[in-house]
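Asker: just the structure for this:
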Amino acid sequence: MQIVVIDYGMSNLGSIGNALSECGAENVIIANDPKELKSATHIILPGVGSFKDGMDNLVKFGFKDAIRDAALVDKVPILGICLGMQLMADKGYEGGEVDGLGLISGVVDKLKPVNKQEKIPHVGWNEIYCKQKNPIFEGIPDGTDFYFVHSYHFIPKKKSNILSETPYCGNFVSSIVSDNIYGTQFHPEKSQRPGFQLLRNFIKL
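Answerer: As a prediction, this is how the structure comes out:
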């Protein structure tokens, strides 16, 4: 097993590395060279920041095509976290209209509050409710709280790609799936026991 965490200058790699170690992962590579994806059995695309900056960096460092090849051709299990999930979309509207990785059809747009209590950015613990069964949520009860920090959300083109939703801003999509491709809007590495369980489940895929 070789877990490759993509370093494109847009994430806190220390917390993800520590979380993977806690989950029993022994062979973790922090990759800043796209060629390192070729040896991966699992890939994690983390991210914090804007959609435009994220895509600019993926293109600049040569990761865009390497990620698409690994996920779509080689069928390597890949997990996008927060911005990493959003970058899997066709397009994002943070910083203008920007093309994404196109791994799962959909767009990323700003959250829209439906009452005065809902603040943007959405920061803190909130529950997720699964729309379909999937091994990545094995051992994690419906309604479990995970940790979020975001102002934008992924709107999938197909409902079949919605793995879970969260009751905020009219129910946003909090995780997505398409075959070997997964994304979580929440941060499993910051979500304590349930987050670590999700990472363990991903490693087992």
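
Asker: kindly tell me how buried Gln86 is, as a neighbour count.
Answerer: Gln86 sits with 29 neighbouring residues when counted by other CB atoms under 10 Å. For every residue, glycine as well, the C-beta is placed using N, CA and C.

Asker: my guess is it meets Val108, correct?
Answerer: Yes - with contact defined as CB atoms under 8 Å, Gln86 reaches Val108; the gap is 4.5 Å.

Asker: what touches both of the two?
Answerer: Residues within reach of Gln86 and of Val108 at once, by CB atoms under 8 Å, 6 or more residues apart in numbering, are Phe51, Gly92, Gly100, Tyr152, His153, Phe154.

Asker: mind listing what's buried along the helix or strand of the chain with the lowest mean pLDDT?
Answerer: Across the helices and strands of the chain, mean pLDDT, DSSP states H and E gives its lowest value to helix 13-22, namely a mean of 89. Residues of helix 13-22 classed as buried by neighbour count (16 or more other CB atoms under 10 Å): Leu13, Ile16, Gly17, Ala19, Leu20.

Asker: may I have the predicted confidence score for the closest residue in space to the third one that isn't next to it in sequence?
Answerer: Pointing back at Gly17 there. Nearest residue to Gly17 in three dimensions, chain neighbours excluded: Val28, at 6.1 Å (CB to CB, 6 or more residues apart in numbering). At Val28, the model reports a pLDDT of 93.

Asker: again with Val108
Answerer: What the model reports for Val108 is a pLDDT of 98.

Asker: any idea of the mean pLDDT for the longest helix seen in the chain?
Answerer: When every helix of the chain is counted residue by residue (DSSP state H), the longest turns out to be helix 192-204. The pLDDT scores in helix 192-204 average 96.

Asker: can you tell me what sits against it?
Answerer: Residues contacting helix 192-204 (CB under 8 Å, 6+ apart): 1, 3, 19-20, 22-25, 42, 77, 79, 135-140, 144-147, 182, 184, 186-189, 191.

Asker: can you do 6 Å?
Answerer: Here helix 192-204 makes contact (CB atoms under 6 Å, 6 or more residues apart in numbering) with Ala19, Glu22, Cys23, Ala25, Leu79, Pro135, Ile136, Glu138, Gly139, Ile140, Thr144, Pro188.
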